[in-house]
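J.: Below are the sequence and a predicted model; questions follow.
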Amino acid sequence: MTINDLIALGAFVYGYCTDFVINLANLLGLSYYEINAFFFVLLWPAVTVGLLLVNAYQSICLKLRGRNAVSKT
Amino acid sequence: MAGTNTYPSLRLKLLLAVAPFLIMILVNEGVRQSQTEHFEYFNVPVLNSKEALRDKCSWHCHDNTAYCKKYHVELAKKHFDWIDPVYFGIIKLLMSTGNYGLANLVFLVLLWPLLMYWLLLRAIRNRQLLKRMT
């Protein structure tokens, strides 16, 4: 695979993803701007922050339970 | 089905990884079925026109956000004041790398989804570990 093939593949993927946003907007009766805003301004940041918080909470619970299990033995 | 030490199972991992791409392919290929015209954008075959259309979005909305906001946005009209700084902030950040298209692919198609995927798998695994401890 040459560098030109990689550039062509990247351009195709970029085009396909952008087409998806345009198509989704037209199918849902929304706009390209709104779909992008929904994904990248609302949904993804919220999911990322939510998952970070869940992971942090679970890590604390695991540590505490691990400590309790050790102290019981 | 799920191995005792390998939760989430490989099947679940694959499903979570592939599902968003499957949805994208379903939508795009569904639209392609009803299309009679073929479009190109900078020599790349695409599904939508680059013409400015008043009744629906096209690649013109990708190039000209002001046009999209003026003619196509209804729902988010009241929220421009807080959406725009983040929306255009992300675009500026990607443009500042010097290669907007590549930065878009690396951050929005690869790295950010990978981060969410990794966090989701960790959360599922941790949940399983916590269940076993109770």
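T.: Ah, there it is.

J.: Check which residues of stretch B:119-134 are buried.
T.: Buried residues in stretch B:119-134, counted by 16 or more other CB atoms under 10 Å in any protein chain shown: B:119-124, B:126. In this view, the C-beta of every residue, glycine as well, is placed from N, C-alpha and C.

J.: Contacts for the helix or strand hosting B:Y117 next, please.
T.: Assigned by DSSP states H and E, B:Y117 belongs to helix B:112-133. Applying CB atoms under 8 Å, 6 or more residues apart in numbering or on different chains, the contact partners of helix B:112-133 are A:44, A:47-48, A:51-52, A:54-55, A:58-59, A:61-62, A:65, A:69, B:7-8, B:12-13, B:16-17, B:20.

J.: Export that helix to CSV, keeping only CA atoms.
T.: Provided in CSV are the C-alpha atoms of helix B:112-133 (Å, rounded to 0.1, in the frame of the first residue of the first chain):
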residue,chain,number,x,y,z
TRP,B,112,-12.3,9.7,20.7
PRO,B,113,-14.4,6.6,19.8
LEU,B,114,-11.5,4.4,20.9
LEU,B,115,-11.4,6.2,24.3
MET,B,116,-15.2,5.8,24.8
TYR,B,117,-14.9,2.1,23.7
TRP,B,118,-12.1,1.4,26.1
LEU,B,119,-13.9,3.2,29.0
LEU,B,120,-17.1,1.2,28.2
LEU,B,121,-15.3,-2.1,28.2
ARG,B,122,-13.6,-1.2,31.5
ALA,B,123,-16.9,-0.2,33.1
ILE,B,124,-18.5,-3.6,32.0
ARG,B,125,-15.5,-5.5,33.4
ASN,B,126,-15.5,-3.6,36.6
ARG,B,127,-19.3,-4.1,37.0
GLN,B,128,-18.7,-7.8,36.6
LEU,B,129,-15.9,-7.8,39.2
LEU,B,130,-18.0,-5.9,41.7
LYS,B,131,-20.9,-8.3,41.2
ARG,B,132,-18.6,-11.3,41.9
MET,B,133,-17.4,-9.6,45.1
